[in-house]
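Engineer: what would the 3D arrangement of this be:
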Amino acid sequence: MTSSQVGFWHFAHAYVRGSWRNEEESTFSLLAKSCHDIDLINYWMDGKRCLKVSSFGTLQHFTKENKPTGAADRCLDCSVEPTCPFSAKKIYLQRLKQGNTGWPVSVVCRDTTTDIESLTEALCYGPYGRCVYNCDNDVVTNQVVNMEFEGGATAAFSMIAFTERLCERKTTIYGTKGELNCEGSGPVYVFDFLSGQKVIHPSDTSNLKQTRLLGHGGADYYLMDSFISAVAENNKSLICTGPDESLASHLLVFDAEKSRKENRVVFCRREDTVKM
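Structural biologist: Here you go, the predicted structure:
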């Protein structure tokens with residue numbers, strides 16, 4: 001069982017106002033945000049193929065019907081803005097005033113010398129200053145995916161927009177001999193049914209102190225480190241997955257979205273039947 005906590009303001013930034021808000025212009029939420037989660041579940045299943053999938057999800061809250069009475073089309077002109085947690089003033093201007101010129105401010109205002117004046121102008125006329133209840137977004141804000149794999153193993157995944165934590169996973173694995181829990185970058189907690197003992201496995205992030213690749217909880221660094229080491233040492237074993245695994249995960253994501261749209265259980269395709 002895994003959940004992806006997108007973060008309330010991050011979803012508003014990227015999936016309501018931003019580049020991944022509209023399926024026709026980009027893609028659907030599950031592929032844009034949570035293909036990595038489905039990929040992880042596939043990897044944890046150790047080669048067992050997913051047989052069938054069901055999925056449910058809707059666009060909630062960020063709709064024109066939910067626009068507060070008296071709200072303007074842009075945050076900088078809005079009398080309701082002080083009571084709105086998704087306000088562009090709070091997400092961008094407040095961060096810049098606190099000295100944050102990186103993401104997400106850098107996405108809104110791409111000037112190399114970002115200042116209040118240029119950011120304010122971008123919010124006045126650009127897409128990131130729009131009211132979240134008055135955008136052209138159509139991607140879902142929540143989605144659950146249920147999967148059944150060979151051998152009877154099952155997995156459940158949830159993507160949640162409205163969370164305090166930003167882009168963190170919460171995972172629980174229920175086994176016959178114990179239970180495993182992990183949130184974010186760890187540690188990993190393992191409870192043994194027989195002994196009744198819980199063991200804590202801390203995550204080793206010591207290498208991250210030597211690099212500026214801190215994105216995605218340090219995964220950017222380890223991805224590049226493994227690839228460069230594999231090439232330098234001519235050692236394929238350092239690359240854990242390849243195109244076959246990527247194809248299987250993407251097919252599963254598309255099958256899940258097909259299930260959601262058609263409101264039915266989808267029996268998954270075999271990778272060897274797909275024409276490339």
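Engineer: please count neighbours and contacts with C-alpha atoms only from this point.
Structural biologist: Fine.
Engineer: which sections of the stretch 151-276 of the chain are below the confidence cut-off?
Structural biologist: Applying pLDDT under 70 to the stretch 151-276 of the chain picks out residues 207-210, 212-214, 270-276.
Engineer: all strands for it, in order.
Structural biologist: All strands of the stretch 151-276 of the chain, identified by DSSP state E, counting those that start in this stretch, fall at 154-160, 168-174, 178-183, 188-192, 198-201, 266-267.
Engineer: so which of these is nearest Thr211?
Structural biologist: strand 168-174 (21.1 Å; CA to CA).
Engineer: I'd like to know how many residues surround Arg269.
Structural biologist: 16 (other CA atoms under 10 Å).
Engineer: tell me who's in contact with it.
Structural biologist: The contact partners of Arg269, by CA atoms under 8 Å, 6 or more residues apart in numbering, come to Leu251.
Engineer: cool, Ala32 as well?
Structural biologist: Ala32 touches Trp20, counting by CA under 8 Å, 6+ apart.
Engineer: how about a cut-off of 10 Å?
Structural biologist: 15, 20-21, 23, 26, 139 (CA atoms under 10 Å, 6 or more residues apart in numbering).
Engineer: coming back round to it: tell me which of the strands of the stretch 151-276 of the chain sits most buried.
Structural biologist: Across these, averaging neighbours per residue (mean count of other CA atoms under 10 Å) puts strand 154-160 on top, at a mean of 20.
Engineer: who does it pair with, and is each partner parallel or antiparallel?
Structural biologist: strand 2-5 (parallel), strand 142-149 (antiparallel) (DSSP bridges).
Engineer: and it, how far out from the chain middle?
Structural biologist: 12 Å (CA atoms, centre = their mean, to the nearest Å).
Engineer: now do stretch 48-66
Structural biologist: The chain centroid and the centroid of stretch 48-66 are separated by 14 Å, computed with CA atoms, centre = their mean.
Engineer: how about the residue lying closest to Ile173 once chain neighbours are set aside, what does it touch?
Structural biologist: Distances taken as CA to CA, 6 or more residues apart in numbering put Leu180 closest to Ile173, at 5.1 Å, once the chain neighbours are dropped. Residues near Leu180 by CA under 10 Å, 6+ apart: 171-174, 188-192, 198-200.
Engineer: what does Gly152 give?
Structural biologist: 48, 50-51.
Engineer: can you rerun that using 7 Å?
Structural biologist: By CA atoms under 7 Å, 6 or more residues apart in numbering, the contact list for Gly152 is empty.
Engineer: which element is the most centrally placed residue in the chain on?
Structural biologist: When CA atoms, centre = their mean is applied to the chain, the residue found nearest the centroid is Lys33 (3.7 Å). Per DSSP states H and E: Lys33 is located in helix 29-44.
Engineer: buried residues in that helix, which are they?
Structural biologist: Neighbour counts over helix 29-44 (16 or more other CA atoms under 10 Å) mark 29-31, 33-39, 41-43 as buried.
Engineer: tell me the helices and strands packed up against the following helix or strand past that helix.
Structural biologist: Per DSSP H and E, the first helix or strand lying C-terminal to helix 29-44 is strand 50-58. In this structure, strand 50-58 makes packing contacts with strand 142-149, helix 243-262, strand 266-267, judged by 3 or more CA pairs under 7 Å, 6 or more residues apart in numbering; DSSP states H and E.
Engineer: tell me the mean pLDDT over strand 50-58?
Structural biologist: Mean pLDDT, computed over strand 50-58, is 97.
Engineer: that one pairs with which strands, and in what direction?
Structural biologist: Going by DSSP bridges, the partners of strand 50-58 are strand 142-149 (antiparallel), strand 266-267 (antiparallel).
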